[in-house]
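*Asks:* Only the shape, not the letters, is given here:
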């Protein structure tokens with residue numbers, strides 16, 4: 001069951017959903033979703049330095065992209081065909097009985113910008129700054145600004161509380177992430 005706006009407000013008040021800083025609910029709360037804003041930290045790929053990505057080479061992931069901090073009020077340009085790893089301004093924590101789903105915004109999709117490729121589900125017990133896999137599917141570069149509404153979250157009630165929480169699992173690679181973290185796929189291989 002997807003939470004309504006009234007249920008999201010109740011879950012926020014009860015601490016079952018924690019968002020810091022809390023967005024302006026008058027602007028960011030929809031009928032069944034909560035908009036999050038683009039943060040200032042990005043990872044841009046160094047396409048010309050690597051002929052191939054070998055997921056078995058752990059050291060490659062740190063060299064594959066570089067961190068970029070965009071000052072508030074300035075923009076960055078996402079070019080056609082480009083992938084940029086970004087994070088939201090907000091920190092999110094979920095209780096043991098809720099799942100969050102990151103959704104793209106139609107207004108951005110209509111100009112070619114997608115906000116996630118695969119990482120849409122946030123498990124019970126998630127704690128961290130949500131990371132976005134920004135892509136430009138269009139043919140024209142697009143300027144994006146820290147602080148702009150970039151995605152929305154919907155929340156679903158589980159049939160019962162989860163026994164194992166995301167942030168307590170040994171295999172949870174992105175628990176408590178602070179910013180636009182690089183892939184940790186090599187940890188699995």
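*Replies:* Cool, the structure landed. Note that the structure is predicted; figures quoted are calculated from it, not measured.

*Asks:* Which helix or strand contains residue 163?
*Replies:* Assigned by DSSP states H and E, residue 163 belongs to no helix or strand.

*Asks:* outside of the helix of greatest length in the chain, which residues touch it?
*Replies:* In the chain, assigned by DSSP state H, the helix with the most residues is helix 5-14. Here helix 5-14 makes contact (Cβ atoms under 8 Å, 6 or more residues apart in numbering) with 3, 17-19, 22, 25, 29-34, 95, 98, 155. In short, each C-beta sits where N, CA and C put it, glycine included.

*Asks:* Quick check: residue 127 touching residue 95?
*Replies:* No: assessed by Cβ atoms under 8 Å, residue 127 is found out of contact with residue 95, at 10.7 Å.

*Asks:* Now residue 38: which helix or strand?
*Replies:* Here residue 38 is assigned to strand 34-45, by DSSP H and E.

*Asks:* In stretch 75-93, which residues are buried?
*Replies:* Buried residues in stretch 75-93, counted by 16 or more other Cβ atoms under 10 Å: 76, 78, 83-93.

*Asks:* go on, stretch 127-147?
*Replies:* 127-136, 138, 142, 144, 146.

*Asks:* ok now that stretch, how far from the chain's centre?
*Replies:* 9 Å (Cα atoms, centre = their mean, to the nearest Å).

*Asks:* Check stretch 11-18 too.
*Replies:* That offset, for stretch 11-18, works out to 19 Å (Cα atoms, centre = their mean).

*Asks:* Could you give the separation between the terminal residues of it?
*Replies:* Start-to-end span of stretch 11-18 (Cα to Cα, to the nearest Å) is 8 Å.
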